[in-house]
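J.: Everything below, folded, please.
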Amino acid sequence: MNRPLLALCALLTCAALAQGSSPLKLTLAQDLVTITQKDGKTSEAVTPMPSTVRPGDLLVETVTAVNGGAGVLRNAGVTLPVPRGTVYQGNATAATARWTTTFSIDGGKTFAPAPLMERVTVTENGKSVTKDVVVSPSRYTHVRWTVAQLNKDESLKFSFRVQVK
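T.: Numbers count the residues shown, from 1 in each chain. Here you go, the predicted model:
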């Protein structure tokens, strides 16, 4: 099954086209994570850019952002969609003093910090009630990191995990 890998290739093409003459250069990678247990200890092995994946496989989506321009970039946004055929599993590079991490559930139209909330109307005791509920991370469609300042020739790596459907 190569659907997530094909989605990554499409992402690479879109990222290259979107960058144009932008000083922010993005490199994407998709690695397979294999978790094993031995003598009560858990370990992870990473296979870079696997040629095939199967349903249930755990992948790490990683983007490296490099400022290839002549000066400092301010408020540089790095956005990655959750690849088609996968479900967001978490472990997004967390916010720091240098960048914020936000998420989208609407295809990248709006972003907010986790946990994302959604207003729903439900029936309770025969009455219609509107309330805010936490959105399951499995519904996240995009992850965005906004870097306050990225110096010339500086690079940062951001990542999150997905599971193949």
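J.: Spatially central residue in the protein, please.
T.: In the chain, the centroid-proximal residue (C-alpha atoms, centre = their mean) is residue 143; its distance is 4.1 Å.
J.: Now that one: which helix or strand?
T.: Using DSSP states H and E, the element containing residue 143 is strand 142-150.
J.: Let me know the average pLDDT across that strand.
T.: Mean pLDDT, computed over strand 142-150, is 97.
J.: What strands line up against it, and which way round?
T.: Strand 142-150 pairs in its sheet with strand 73-81 (antiparallel), strand 99-104 (antiparallel), by DSSP bridges.
J.: Name all residues that make contact with the residue nearest to the centre of the chain.
T.: For residue 143, the contacting residues are 79-80, 82, 88, 92, 101-104, 158, 160, by C-beta atoms under 8 Å, 6 or more residues apart in numbering. From N, CA and C alone the C-beta is placed, and that goes for glycine too.
J.: Try it again at 7 Å.
T.: Residues near residue 143 by C-beta atoms under 7 Å, 6 or more residues apart in numbering: 80, 92, 101, 103, 160.
J.: Now the closest residue in space to residue 165 that isn't next to it in sequence: phi and psi?
T.: Nearest residue to residue 165, sequence neighbours excluded (C-beta to C-beta, 6 or more residues apart in numbering): residue 85, at 5.4 Å. Note on residue 85: backbone dihedrals following degrees, to the nearest 10 are phi 80, psi 10.
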